[in-house]
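> Here is a sequence together with a model predicted from it:
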Amino acid sequence: MSDAKLLAAIERSDTEQLQISISEYKGKSYLNMRIFYTTDGGSTWLPTKKGVTFTPDQLDLLEEAIQDARKEFMSEEV
């Protein structure tokens, strides 16, 4: 697996974050969302087994789900 291109890191706690990245495996690109942890105050982040991987053709479905979630949350705020 080649080096991942980090798109975002969302803090979950002082020692845990969700990293969203694009990586390549066997010549194909993927979007990865994986929980990472640190034991040295954030100097090094290590991956856990907790995560999901999306192929490029699944991104439209993921984007639609996120847009639907936004609509749901916006309607709850009214």
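Great, that's in hand. This one's a predicted model, so the numbers in the text were calculated from it and none came from an experiment.

> Can you report how many residues neighbour I10?
By the criterion of other C-beta atoms under 10 Å, I10 has 11 neighbours. For glycine as for every other residue, the C-beta is placed from the backbone atoms N, C-alpha and C.

> you'd agree it is up against S21?
No: in this structure I10 lies outside contact range of S21 using C-beta atoms under 8 Å: 11.9 Å.

> three-state assignment of G41?
coil (DSSP: H, G, I helix; E, B strand; the rest coil).

> For it, give me phi and psi.
phi 70, psi 20 (degrees, to the nearest 10).

> Can you list the neighbours in contact with the helix or strand Q19 falls within?
Using DSSP states H and E, Q19 sits in strand 16-25. Applying C-beta atoms under 8 Å, 6 or more residues apart in numbering, the external contacts of strand 16-25 come out as 1-12, 29-38, 45, 47.

> what do you get for stretch 42-58?
9, 14, 17, 19, 28-39, 62.

> Next: stretch 60-69.
In contact with stretch 60-69 (C-beta under 8 Å, 6+ apart) are residues 31, 54.

> Please state the offset of it from the chain centre?
14 Å (C-alpha atoms, centre = their mean, to the nearest Å).

> Quick check: mean pLDDT of that stretch?
In this model, stretch 60-69 carries a mean pLDDT of 96.

> likewise stretch 14-23?
pLDDT averaged over stretch 14-23 gives 97.

> Equivalent analysis for stretch 33-43, please.
Here the average pLDDT along stretch 33-43 is 96.

> and the end-to-end length of stretch 30-43?
26 Å (C-alpha to C-alpha, to the nearest Å).

> which parts of it are buried?
30-34, 36 (16 or more other C-beta atoms under 10 Å).
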